[in-house]
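[1] sequence below, structure please.
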Amino acid sequence: MKKFKAAAWILLIVPFVFLWSCGGGGGSAGSSTSDGSGTLSLSLVDAPVGSYKAVYVTIGEVQVCMEAGTCDNQGEGDDCECQWETVDTLNQTFNLLELVNGVTASLGQKDLAAGTYHQMRLLLHDVQDLSDNILGNAHPYPQYLIDEDDEEHEMKVPSGYQTGIKLVHPFDIDSGLTTELILDFDVARSVVKAGNSGKYLLKPTIKVIGTYNRAIVSGIVTTTDGEPPAPLEGAIVTAWYQDADDNWVAAASAGTDVDGGYMLYLNLYIGNDLEPVPTEYKLVATAQGYEPACTSLIVEAGQTYADTDFALSATATDTVTGTITGKAPAPYPDSGNAPVVIVSFNRQVGECVMDPIETAFVIVSAGDANVYNSDDGTFSYTYTIDLPAGVYNVIASSEGLASVAEDNFDTRAGVLNFIFTAP
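    Now for the predicted structure:
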């Protein structure tokens, strides 16, 4: 069985690093600059989210780094001597849930020296701007969400505001050309609810998409219940591709709106001649209470693939619960940095994707009955998730700990526990 690769989705403790495996952004025709320099243009979009009315983040600065020294394999830490340059100082509060299905927000544009840049980072600001939120209220916090009951909840940033959200994504600035990059902020994996305590954490997960080697896929998700088929709001469409080791990687996701519509930006592979080549994706649509559906699509750079539609059938569901116990790596973080566990449920989707891929997940952290002891690093969490009935391969993962897997789990069993062993 080929491995399911969740690298594209893992939440990392600050510095937050996202490794995008489809290649860097390229130059495109744009405003001309003086010899030896080009232009970088950055924008922000949002991937799908759960049951929130708004999610606000306040971004202070956007910076880029041209490598001055040698980096380690991950491009992290002090092994990469960065010359950080500010693209823009924003100090602006964004509602990420407004940035869906093709809507973007500008993060700045700047002329930069031609060359290869290896990293970017977003510096969150600790003071919100003076605009109003969707309720007509002044922003109460720099990072917060509004739930379905119109309650405003601050989102704590466990590692503070000093380090920023680091994105390891090499890209080139070509003389006289504009390089456009889109930062895809995945709210569904970035907002962590701390048990039933009513407290929330912000652990950003961001993908970088280059418009030079980008395709756009859109369509509608409907249900097969009734006639005519009804649009299905809140479904998730995820694009998967196989990497060089034949592992399935989740490249991008989008949620459907009230009309069942979605839009995805997809990167393409870069060939030996540094040009994008046609790339095959498996698009999988999922929704709670429905069987997933899948279609295969070969995309080419600069093309738009509209009418990539799905019809989902209602199905029986099972509730799965369990406990998660373990011990965080030493030195043990304080309670604000308690381990976050992602439980990923993976299954085959018809004959479209023969290997198990993720069709549902749940994120668990400390709070309320979920206990973390910062004296010795031990933790004990519980989780609950409703799933379409069936057999899944399940993986529990947490930063710094070896993943724990359970293959061929039948949801009728109802209970699945995980024990993380000491690293």
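[2] any idea how far P170 is from T378?
    Distance, P170 to T378, using CB to CB, to the nearest Å: 39 Å. For glycine as for every other residue, the C-beta is placed from the backbone atoms N, C-alpha and C.
[3] isn't V353 up against A250?
    No. The criterion here is CB atoms under 8 Å, and V353 misses it with A250 at 11.6 Å.
[4] who touches both of the two?
    Shared contacts of V353 and A250 (CB atoms under 8 Å, 6 or more residues apart in numbering): W240.
[5] what about Q92, how many neighbours?
    Q92 has 17 neighbouring residues, counting by other CB atoms under 10 Å.
[6] tell me which element it falls in.
    strand 82-95 (DSSP states H and E).
[7] A230 reaches T223, doesn't it?
    Yes. Contact criterion CB under 8 Å: A230 and T223 qualify, at 5.2 Å.
[8] of the two, give the one with the bigger neighbour count.
    T223 (19 against 12).
[9] quick one, what contacts the more buried one?
    Per CB under 8 Å, 6+ apart, neighbours of T223: 229-230, 232, 290, 311-314.
[10] let's see that with 6 Å instead.
    230, 232, 312 (CB atoms under 6 Å, 6 or more residues apart in numbering).
[11] which regions of the stretch 101-250 of the chain lie under the pLDDT threshold?
    159-160, 162, 195-197 (pLDDT under 70).
[12] what ranges do the strands span in it?
    105-113, 115-124, 144-147, 152-156, 165-173, 178-185, 191-194, 199-202, 206-210, 214-223, 236-242, 248-255 (DSSP state E, counting those that start in this stretch).
[13] please enumerate the helices of the chain.
    With helices called from DSSP state H, the chain shows them at 187-190.
[14] tell me how far the residue most central in space within it lies from F361.
    With distances taken as CA atoms, centre = their mean, D186 lies nearest the centre of the chain, 3.4 Å away. The gap separating D186 from F361 is 12 Å, by CB to CB.
[15] in the chain, where's the longest strand?
    Using DSSP state E to define each element, the chain has its longest strand at strand 52-67.
[16] relative to that one, what are the paired strands and their orientations?
    strand 82-95 (antiparallel), strand 115-124 (antiparallel), strand 144-147 (antiparallel) (DSSP bridges).
[17] turn these into a markdown table, including distance to L130.
    A markdown table is the format used below for those (distance: least, CB to CB, whole Å):
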| stretch | distance to L130 |
| --- | --- |
| strand 82-95 | 9 |
| strand 115-124 | 17 |
| strand 144-147 | 15 |
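[18] closest one to T421 among the ones you listed?
    Checking those against T421 by CB to CB gives strand 115-124 as the closest, at 33.3 Å.
[19] tell me, how many residues neighbour the closest residue to S131 other than its chain neighbours?
    Closest residue to S131 apart from its sequence neighbours, by CB to CB, 6 or more residues apart in numbering: T93 at 6.4 Å. T93 is flanked by 22 other residues according to other CB under 10 Å.
[20] show me the contacts for the nearest residue to V299 once chain neighbours are set aside.
    Spatial nearest neighbour of V299, chain neighbours left out: A215 (3.9 Å); criterion: CB to CB, 6+ apart. Each residue near A215 by CB under 6 Å, 6+ apart is listed here: 266, 299, 303.
[21] buried subset of these as a PyMOL selection?
    To isolate the buried members of those in PyMOL, using 16 or more other CB atoms under 10 Å:
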select buried, resi 266+299
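[22] could you dump the contacts of A215 into JSON lines with pLDDT and distance to D149 added?
    Listed next are the contacts of A215 as JSON lines, based on pLDDT from 0 to 100; distance: CB to CB, whole Å:
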{"residue": "L266", "pLDDT": "89", "distance to D149": "36"}
{"residue": "V299", "pLDDT": "93", "distance to D149": "40"}
{"residue": "Q303", "pLDDT": "93", "distance to D149": "42"}
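[23] just curious, which of the contacts of A215 is nearest to T325?
    L266 (38.6 Å).
[24] I'd say A235 and T256 touch.
    Yes. Using CB atoms under 6 Å, A235 is in contact with T256, at 4.5 Å.
[25] touching both of those two, which residues are there?
    V221.
[26] for Q63, which non-adjacent residue is closest in space?
    W84 (4.7 Å).
[27] contacts only, for Q109.
    Counting by CB under 6 Å, 6+ apart, Q109 has contacts S41.
[28] how near is V415 to V320?
    For V415, the distance to V320 - CB to CB - is 7 Å.
[29] same deal with F171?
    41 Å.
[30] same check, this time on E399
    From E399 to V320 the distance is 23 Å (CB to CB).
[31] D375 too?
    31 Å.
[32] out of the two, which sits in the busier spot?
    V320 (24 against 6).
[33] check contacts around the more buried one.
    Applying CB under 6 Å, 6+ apart, the residues near V320 are 385, 387, 411, 416.
[34] name the residues linked to the second one by a beta bridge.
    Partner residues in beta bridges with L387: D318, with DSSP bridges as the criterion.
[35] contacting residues around it?
    Here L387 is in contact with 318, 320, 360, 411 (CB under 6 Å, 6+ apart).
[36] quick one, strands of the stretch 301-423 of the chain?
    Using DSSP E, counting those that start in this stretch, strands in the stretch 301-423 of the chain cover 304-305, 310-312, 317-327, 341-349, 353-364, 371-372, 378-388, 391-398, 401-410, 418-419.
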